[in-house]
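J.: From the sequence below, what's the structure:
(chains A and B)
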Amino acid sequence: MAVWDWNYAFSILPALVQGLGLTLVATVLGSIIAMLLGLVFAVLQRGPRVIAIIVRGFVEFVRSTPLLVQIFFLFFGLPTLGIVLPALVVGVIALGVHYACYTSEVYRAGIEAVPRGQWEAATALSLPPSRIWTGVVLPQAVPRVIPALGNYVISMFKEVPLLVGIGILDVVGRAEEAGDTYFRYVEPYTMAGLFFLLLSYPASLLMRRLERRVGAI
Amino acid sequence: MSEQSNGAGEPMIVFDGVEKRFGDNVVLSDLNFTVAPGEHVTLIGPSGSGKTTILRLLMCLESVTRGTIRVAGDYLSHMEKGGKLIPADEKHSREVRKRIGMVFQQFNLFPNMTVRGNLIEAPTRVLGLSKDEANARAKELLDLVGLGEKIDEHPSRLSGGQQQRVAIARALAMQPDVLLLDEVTSALDPELVAGVLALLRDIGESTDITILCVTHEMGFARDFSHRVMMFDGGQVIEDAPPDKLFSEPDNPRTKEFLKAVLSH
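T.: Residues are numbered from 1 along each chain as shown, chains lettered A, B, ... in the order given. You can find the predicted model right below:
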């Protein structure tokens, strides 16, 4: 038996592409949560002391525990609290919250890079704090960290297969399924790997170019 | 402006027993002085003598450790509640602060906005002016500072001197009663200093804004100010009209300081 069977490879391609679609959906939705929630975490960490400490603690906790544990915790833990959500929703929330704790650090670096004089000038003009954030600080902080945020999107994309653990048939889930059905594993996993390479590598090149343009943090 | 509203003869700025410490470091100790409406006061003294801290206290960028500051009769660092003085909250500070404008050494224009954006931001958001009103005011002020044609440029495309003119216009757009100038020419190339100083002289002559100015430009201090205060060690060691202070200072430390800065 040949190591590589082209006919088999083509026959499972549609299933893998379908799985890839789900991987991309999870990445996009997870990224949206990570980008927005991370920004909220970063801003709250500059807020009142008590809130800052709580958010800081949460961020450190999430960053210090494995994503897979968090996925299982949400998937099997939430129903005991009476919250039953579809697996994909749980997966997206887990990815989004986990990565929000990383993106919040990125935003924080961007915010800290805004010179103190900008805050002072805005304060001297009596701008209310909400407007200092939305009109002065974030428009300067966020563009500079877009490449770093993009790199976390790429990381997240590569971690979506962890959701196989809660039964989501992403591209790796489909590969596993094909392998278990036909007892041929080389083709499906190689193809799944290639899909990741084909999408991740150009994306990281793009981020590297962006980095050079905006000046990395 | 508020000369009428707060009664005749009342000072615009009152420092009453103000102390400012950063940890163990006493920057200002038991500082008392008043500034009359429309008066131009220049603060001079060696670096670290607390001049800039005074401006920062007035702008609420720092808070006093002890004592009180009043602007146009209202407590800045405190507020009255049930006949008692309590530390001011953010809202009260912002209200009093609206009367005060500040120009910084590093200009601090918002780089994410055009010149126009910089000038209309606070008038529309804080004073509630309409876009049209704020735009008209911005145009007028840019013409005043000689940069009318730069209204749609981004600050990064302007020279330091031009940026500082825009910063001055931005402060004036709030129509402050008090203008604080914090070493506004120190970061400029030498050939750009004269233009900015000339602009400030114009503004000083054509408005009744009370101006507090920290500067190392002694020539400007001399002809611009009604009064010069010499600081050392967190206290006013001499307070006199410029002619007196620059020609025949009483305090030996003032003499020494002037000798040092005028000789280079």
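
J.: Can you name the helix or strand that the residue sitting nearest the centre point of chain B falls in?
T.: The residue lying closest to the centre of chain B (CA atoms, centre = their mean) is residue B:180, at 0.5 Å. Assessed by DSSP states H and E, residue B:180 sits inside strand B:178-182.

J.: Just the mean pLDDT for that strand, thanks.
T.: For strand B:178-182, the mean pLDDT works out to 97.

J.: which residues does the residue nearest to the spatial centre of chain A contact?
T.: Nearest residue to the geometric centre of chain A (CA atoms, centre = their mean): residue A:156, 4.0 Å. The contact partners of residue A:156, by CB atoms under 8 Å, 6 or more residues apart in numbering or on different chains, come to A:27, A:30-31, A:34, A:95, A:99. (Each C-beta comes from the backbone N, C-alpha and C, glycine too.)

J.: one more time with 6 Å
T.: A:27, A:30, A:95, A:99 (CB atoms under 6 Å, 6 or more residues apart in numbering or on different chains).

J.: try residue A:111
T.: Taking CB under 6 Å, 6+ apart, one finds residue A:141 in contact with residue A:111.

J.: tell me the phi and psi of it?
T.: When read as degrees, to the nearest 10, the backbone of residue A:111 gives phi -70, psi -40.

J.: now it: how far from residue A:104?
T.: Residue A:111 sits 10 Å away from residue A:104, going by CB to CB, to the nearest Å.

J.: How about the residues of the stretch 101-250 of chain B by chain A?
T.: Applying CB under 6 Å from any CB of the partner chain, we find that the stretch 101-250 of chain B lies next to chain A at B:102, B:106, B:108, B:110, B:112, B:122, B:125-126.

J.: and residue B:34, which of the three is it?
T.: Following DSSP: H, G, I helix; E, B strand; the rest coil, residue B:34 is assigned to strand.

J.: Can you tell me the closest non-neighbouring residue to it?
T.: residue B:11 (3.9 Å; CB to CB, 6 or more residues apart in numbering or on different chains).

J.: And residue B:74, by the same measure?
T.: residue B:96 (5.1 Å).

J.: per-residue confidence for that neighbour?
T.: 88.

J.: Just to check, it is in contact with residue B:76?
T.: Yes - counting by CB atoms under 6 Å, residue B:76 is a contact partner of residue B:96 at 5.0 Å.

J.: How many neighbouring residues does residue 168 have?
T.: Assuming you mean chain A. 24 (other CB atoms under 10 Å in any protein chain shown).

J.: wrong one, chain B
T.: 23.

J.: thinking again about what came up before, closest one to chain B out of the contacts of residue A:156, please.
T.: When the contacts of residue A:156 are ranked by distance to chain B (CB to the nearest CB), residue A:99 comes first, at 26.2 Å.

J.: For residue A:22, see how far away that closest one is.
T.: 18 Å.

J.: And for residue B:206?
T.: Counting by CB to CB, the gap from residue B:206 to residue A:22 is 69 Å.

J.: swap in residue A:103?
T.: According to CB to CB, residue A:103 stands 23 Å off from residue A:22.

J.: likewise residue A:117?
T.: Taking CB to CB as the measure, residue A:117 falls 48 Å from residue A:22.

J.: out of those two, which sits in the busier spot?
T.: A side-by-side neighbour count of residue A:117 and residue A:22, using other CB under 10 Å, places residue A:22 first with 19 against 15.

J.: Does anything pack onto the helix or strand containing the more buried one? Which helices or strands?
T.: Assigning secondary structure by DSSP H and E places residue A:22 in helix A:6-44. Contacts defined by 3 or more CB pairs under 6 Å, 6 or more residues apart in numbering or on different chains; DSSP states H and E place helix A:6-44 against helix A:49-63, helix A:87-112, helix A:138-159, helix A:171-182, helix A:186-214.

J.: Tell me how many other residues crowd the closest residue in space to residue B:18 that isn't next to it in sequence.
T.: Nearest residue to residue B:18 in three dimensions, chain neighbours excluded: residue B:67, at 3.7 Å (CB to CB, 6+ apart). Neighbours of residue B:67 under the rule other CB under 10 Å: 19.

J.: Flag every residue of chain A that's near chain B.
T.: A:117, A:120-121, A:124-126, A:131, A:136, A:139-140.

J.: out of the residues you listed, which are buried?
T.: A:120-121, A:124-126, A:131, A:136, A:140 (16 or more other CB atoms under 10 Å in any protein chain shown).

J.: Could you work out the most separated pair of those?
T.: Spatial extent of these (CB to CB) is set by the pair A:126 and A:140 at 19.5 Å.

J.: thinking again about what came up before, just the helices and strands packed on helix A:6-44: most buried one?
T.: Ranked by mean neighbour count under mean count of other CB atoms under 10 Å in any protein chain shown, those are led by helix A:87-112, which reaches a mean of 21.

J.: Tell me the first helix or strand C-terminal of that one.
T.: Note on helix A:87-112: by DSSP H and E, the next helix or strand toward the C-terminus is helix A:116-124.

J.: Which strands and helices lie in contact with that next one?
T.: Partner elements for helix A:116-124 (3+ CB pairs under 6 Å, 6+ apart): none found.

J.: Tell me what angle that helix forms with strand B:178-182.
T.: Going by axes from the mean of the first three to the mean of the last three CA atoms, to 10 degrees, helix A:116-124 is angled at 170 degrees with respect to strand B:178-182.

J.: now helix A:116-124 against helix A:138-159, angle please.
T.: 120 degrees.

J.: what pLDDT, on average, does helix A:116-124 get?
T.: Helix A:116-124 comes out at a mean pLDDT of 96.

J.: Identify all contacting residues around the following helix or strand past it.
T.: Going down the chain from helix A:116-124, the next helix or strand is helix A:129-131, by DSSP H and E. For helix A:129-131, the external contacting residues (CB under 6 Å, 6+ apart) are residue B:125.

J.: can we see that at 10 Å?
T.: Residues outside helix A:129-131 that contact it (CB atoms under 10 Å, 6 or more residues apart in numbering or on different chains) are A:46-47, A:119, A:122-123, A:125, A:137, B:90, B:94, B:121-122, B:125-126.

J.: Narrow those to just the buried residues.
T.: Among the contacts of helix A:129-131, those that count as buried by neighbour count (16+ other CB under 10 Å) are A:119, A:122-123, A:125, A:137, B:94, B:121-122, B:125-126.

J.: more crowded one of residue B:96 and residue B:76?
T.: residue B:76 (27 against 22).

J.: Assign the closest residue to that one other than its chain neighbours to helix, strand or coil.
T.: Excluding the flanking residues, the one nearest residue B:76 by CB to CB, 6+ apart is residue B:69, at 4.4 Å. Reduced to three states with three-state DSSP, the structure at residue B:69 is strand.

J.: show me what contacts residue B:161?
T.: Shown in contact with residue B:161 (CB under 10 Å, 6+ apart): B:107, B:147, B:185, B:188-189, B:191-196, B:199.
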